[in-house]
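*Asks:* Next one to model:
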Amino acid sequence: MKKLFILSLFVFFISSIPAFGNSLAAPHFELMDLEGKTVKSQDFIGKQPVLLIFWATW
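*Replies:* Predicted coordinates:
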């Protein structure tokens, strides 16, 4: 029974991985920089890699 449950979870996770397309790309977004200018993620497509760092202070 335990093996069947683990196998079911494995199949579920494998089937949820997209096989085609660019579905692993991040969604487009807009942010304000420190000078108050709007920066769009689309402005960096094909130009340079972008590193996003997220943190929480909870």
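*Asks:* Distance of residue 34 relative to residue 53?
*Replies:* Per Cβ to Cβ, to the nearest Å, residue 34 is found 15 Å from residue 53. For glycine as for every other residue, the C-beta is placed from the backbone atoms N, C-alpha and C.
*Asks:* likewise residue 10?
*Replies:* 32 Å.
*Asks:* Comparing the two, which residue is more hemmed in?
*Replies:* residue 10 (10 against 4; other Cβ atoms under 10 Å).
*Asks:* That one looks like it's in a strand, true?
*Replies:* No. Using DSSP: H, G, I helix; E, B strand; the rest coil, the assignment for residue 10 is helix, not a strand.
*Asks:* Kindly provide the distance from it to residue 4.
*Replies:* Separation of residue 10 from residue 4 (Cβ to Cβ): 11 Å.
*Asks:* Now for the most centrally placed residue in the chain: which residues touch it?
*Replies:* Nearest to the mean C-alpha position of the chain, by Cα atoms, centre = their mean, lies residue 26 at 4.5 Å. Neighbouring residues of residue 26 by Cβ atoms under 8 Å, 6 or more residues apart in numbering: 41, 52.
*Asks:* Let's verify it: helix, strand, or coil?
*Replies:* Relying on three-state DSSP, one would call residue 26 coil.
*Asks:* And residue 42, by the same measure?
*Replies:* Under three-state DSSP, the three-state class of residue 42 is helix.
*Asks:* Not counting sequence-adjacent ones, nearest residue to it?
*Replies:* Of all residues not flanking residue 42 in the chain, residue 28 sits nearest, at 5.5 Å (Cβ to Cβ, 6 or more residues apart in numbering).
*Asks:* Could you give the number of residues near that neighbour?
*Replies:* 9.
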